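Asker: Would you be able to build a 3D model of this:
(chains A and B)
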Number of protein chains: 2
Amino acid sequence: MDVLAIGNALVDVLATVTDEQMDELGIVKNSYELVDAETADALYEAMPPAVEISGGAAANTAVGVVSLGGTAGYIGRVRDDQLGAVFTHDLRATGVEFATPPVQDGPPTGRALTLITPDAHRTFRTYLGAANCLGPGDIDADLVAAAEVTYLEGYLWDPPDAKDAFRKAMRLAHDAGRRAALTLSDPFCVQNWGHEFAELLEQRQVDILFANEAELLTLYPGSLADAIDRIRDRCALAAITRSEHGSIVVSGDETHEVPADRVAEVVDTTGAGDLFAAGFLFGLTHGEPPRRCAELGSVCAAEVISHVGARPQHDLAELVASS
Amino acid sequence: MDVLAIGNALVDVLATVTDEQMDELGIVKNSYELVDAETADALYEAMPPAVEISGGAAANTAVGVVSLGGTAGYIGRVRDDQLGAVFTHDLRATGVEFATPPVQDGPPTGRALTLITPDAHRTFRTYLGAANCLGPGDIDADLVAAAEVTYLEGYLWDPPDAKDAFRKAMRLAHDAGRRAALTLSDPFCVQNWGHEFAELLEQRQVDILFANEAELLTLYPGSLADAIDRIRDRCALAAITRSEHGSIVVSGDETHEVPADRVAEVVDTTGAGDLFAAGFLFGLTHGEPPRRCAELGSVCAAEVISHVGARPQHDLAELVASS
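Answerer: As a prediction, this is how the structure comes out:
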């Protein structure tokens, strides 16, 4: 298996809103916040009509790897309810190996209320629900040992059990001679848990780091150049994404700047980072050099921001072949 | 209230499939079939990743009327489950008055598994679930009396209780000096229940009939001209839709042929008939002559076939103003 992804199993509830509606809802654009069931219900009630599409950042990455022709697995928690069935169906239908059994009780399947503004940016209010129940017991040692890269989503780094699950997954990966990848997921996550992410990096637990510029600078405040130097010493490979400015790959002494792929119209940026990681990890597990990995990431990110929804709608292998 | 719509409350589960996948699934294109829970589950498992969007033919029509600036209500059944909450949220968020309380037990909220082929046509396998539980007790006499037109969806004409609900709604509408509209919904419905639809027309229970050419010719086999003559004698107003060939409005001695609106790219024809009915009924309840009603129907139908999903994504009032 090329990539085993571990993260919050969520169904995205996507609605298009105007800037005026955002003001009425009292929500700051581009923000990410975890909310409880009550707050999620109240916001949902005030939201415009929506569309439900299976999501979850790391799950989107797994789908991207398979669409590129690779193999991927997923570990994440849903409940045995209708949204859990939707998540499970959609992930398996793409060809991702997803074997985590749904929980029989506790909170319902999690959902990410996603507000898309006319500038194609998105604002999340996430109710984690069952996703938050992931624990070390869910980390299948054979699956981790079978995967070239185990990819961990920073979003999940919150409940103590999930952290234990992450630590177990990293340890199992290294014991099996495999690599562990981490995405910082969101500046909000880094604000809350930056000291612990920094510790993981300090301890050389992370072989491959994904971060966008805002996340990296939240982790290591100061200049981008200084932050890159710090990350260079702490993990073997790092990919820093910079939206339309492309990405920077840091690999030992080398630094590669890779331009973003051109997009006719940016419709919804949800999933851009997830699909960049998919392209990058597919390249990495298929023997490509770092620069080419980032180029593959750019092709995949460009596809996913061209339409609503965070999973690819075109065959990525075909797109890459023609790129 | 302009329009009260009564029909099957369904969440559409939309997946894009190739012609080869249709063959593998053993499904004939453009067909409509009711399936039980087991068959629906088996098909869902074999289906590609999907998107969930609230639908239900008559509900789509109600949404269209509101988007045009009119007022609309809806009567239909969901269960108190996640898909029922999704349906209820989306309908209310558009401004449609929807007060039917969700049922507390029995089958889950119904869904329409919808396969979209590259030619933009759609094939339905519908599991009715809770939608099928509608009965005469759900028909609110005050709501019917308040609506200028009560619009009934032929799809619902199947369980005896639903038929009783329809008969009650038509009777209440006429008692209040209002009009009853019926859509034949699908040739499959007409094959099963054509003799009963013909009887309703014979008894002058239907004031306004919506049908596409295939449905009308299933009801009255023979030439289109003969079928139009028969319908002319049996209801005050009929609109026959003919896809890209536009529509024919039959109103007493008058017959109007109205061209279809041009569409840059037909993406998904789901909801074309529902939105034609929305435009037509909005015109009718706002004093427009029959030809103009059909023109409004064409504008609305053109919008909904330009994107995936059976509910308008643009403000229809604005579209009409600029048309």
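Asker: need the residues of the stretch 201-323 of chain A near chain B, please.
Answerer: Within the stretch 201-323 of chain A, the residues that sit near chain B (C-beta under 8 Å from any C-beta of the partner chain) are A:G309, A:R311, A:Q313. Bear in mind the C-beta positions are built from the backbone N, C-alpha and C, glycine included.
Asker: And the strands in the stretch 1-150 of chain A?
Answerer: A:3-6, A:10-16, A:32-34, A:51-54, A:72-75, A:97-98, A:110-116, A:122-127, A:149-153 (DSSP state E, counting those that start in this stretch).
Asker: mean pLDDT lowest for which of the ones you listed?
Answerer: For the strands of the stretch 1-150 of chain A, the weakest mean pLDDT is recorded on strand A:32-34, namely a mean of 87.
Asker: about what we covered before: could you export the residues of the stretch 201-323 of chain A next to chain B to TSV, including columns for pLDDT and neighbour count?
Answerer: Putting those into TSV (pLDDT from 0 to 100; neighbours: other C-beta atoms under 10 Å in any protein chain shown) gives the following:
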residue	pLDDT	neighbour count
A:G309	84	21
A:R311	92	28
A:Q313	89	14
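Asker: Tell me the pLDDT of the closest residue to chain B within the stretch 101-250 of chain A.
Answerer: Using C-beta to the nearest C-beta, the single residue of the stretch 101-250 of chain A nearest to chain B is A:P108, 7.1 Å away. pLDDT recorded at A:P108 is 96.
Asker: Compute the distance between the closest residue to A:F188 other than its chain neighbours and chain B, please.
Answerer: Nearest non-adjacent residue to A:F188, counting by C-beta to C-beta, 6 or more residues apart in numbering or on different chains: A:Y32, 4.7 Å away. Noted for A:Y32: a distance of 22 Å to chain B, by C-beta to the nearest C-beta, to the nearest Å.
Asker: In contact with A:Y32, which residues are there?
Answerer: By C-beta atoms under 8 Å, 6 or more residues apart in numbering or on different chains, the residues touching A:Y32 are A:T123, A:F124, A:T126, A:D186, A:P187, A:F188, A:C189.
Asker: Hmm, A:L152 and the last one touching each other?
Answerer: Just to be clear, that refers to A:C189. No - A:C189 lies out of contact with A:L152 (C-beta atoms under 8 Å); the separation is 11.8 Å.
Asker: can you pull the contacts of the residue of the stretch 101-250 of chain A closest to chain B?
Answerer: Contacts of A:P108 (C-beta under 8 Å, 6+ apart): A:A37, A:R79, A:D81, A:L83, A:G84, A:G129, A:A130, B:Q82.
Asker: Quick check: phi and psi on it?
Answerer: Per-residue torsions, A:P108: phi -70, psi 170 (degrees, to the nearest 10).
Asker: What of A:G56?
Answerer: The phi and psi torsions at A:G56 (degrees, to the nearest 10) take the values phi 90, psi 120.
Asker: before we move on, what about A:S322?
Answerer: phi -100, psi 10.
Asker: Can you point out the buried residues in stretch A:184-195?
Answerer: Across stretch A:184-195, burial judged by 16 or more other C-beta atoms under 10 Å in any protein chain shown covers A:L184, A:S185, A:D186, A:P187, A:F188, A:C189, A:V190, A:N192, A:W193, A:G194.
Asker: so can I have CSV of the residues you listed showing secondary structure?
Answerer: As requested, the buried residues of stretch A:184-195 are arranged in CSV below (DSSP: H, G, I helix; E, B strand; the rest coil):
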residue, secondary structure
A:L184, coil
A:S185, coil
A:D186, coil
A:P187, helix
A:F188, helix
A:C189, helix
A:V190, helix
A:N192, helix
A:W193, helix
A:G194, helix
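Asker: give me the low-pLDDT residue ranges for the stretch 101-250 of chain A?
Answerer: Residue ranges of the stretch 101-250 of chain A with pLDDT under 70: none are present.
Asker: so where do the helices sit in it?
Answerer: A:141-146, A:160-175, A:187-202, A:213-219, A:224-234 (DSSP state H, counting those that start in this stretch).
Asker: Tell me which residue is most central in chain A.
Answerer: In chain A, the residue lying closest to the centroid (C-alpha atoms, centre = their mean) is A:A57, at 3.2 Å.
Asker: now it: how far from A:T16?
Answerer: Distance, A:A57 to A:T16, using C-beta to C-beta, to the nearest Å: 21 Å.
Asker: With A:R242 instead?
Answerer: From A:R242 over to A:T16 (counting by C-beta to C-beta), the distance is 26 Å.
Asker: now do A:D226
Answerer: Taking C-beta to C-beta, one finds A:D226 at 39 Å from A:T16.
Asker: Tell me how many other residues surround A:P289.
Answerer: 14 (other C-beta atoms under 10 Å in any protein chain shown).
Asker: Oops, could you answer that again for A:E148 instead?
Answerer: 19.
Asker: Per-residue pLDDT of the nearest residue to it once chain neighbours are set aside, please?
Answerer: Nearest residue to A:E148, sequence neighbours excluded (C-beta to C-beta, 6+ apart): A:T285, at 4.6 Å. At A:T285, the model reports a pLDDT of 98.
Asker: Tell me if I'm right that A:T285 and A:L68 touch.
Answerer: No - using C-beta under 8 Å, A:T285 is not in contact with A:L68; the gap is 10.0 Å.
Asker: More neighbours: which of the two?
Answerer: Ranked by neighbour count (other C-beta under 10 Å), A:T285 and A:L68 place A:L68 first, with 26 against 20.
Asker: Show the contacting residues for that one.
Answerer: Contacts of A:L68 by C-beta under 8 Å, 6+ apart are A:A278, A:G279, A:F282, A:L296, A:C300, A:L316, A:A317, A:V320.
Asker: Equivalent analysis for A:I6, please.
Answerer: Contacts of A:I6 by C-beta under 8 Å, 6+ apart are A:58, A:74-76, A:134, A:139, A:150-153, A:156, A:165-166, A:169.
Asker: List buried members of those by neighbour count.
Answerer: Buried among the contacts of A:I6 (16+ other C-beta under 10 Å): A:58, A:74-76, A:134, A:139, A:150-153, A:156, A:165-166, A:169.
Asker: of those residues, closest to A:T255?
Answerer: A:Y151 (22.6 Å; C-beta to C-beta).
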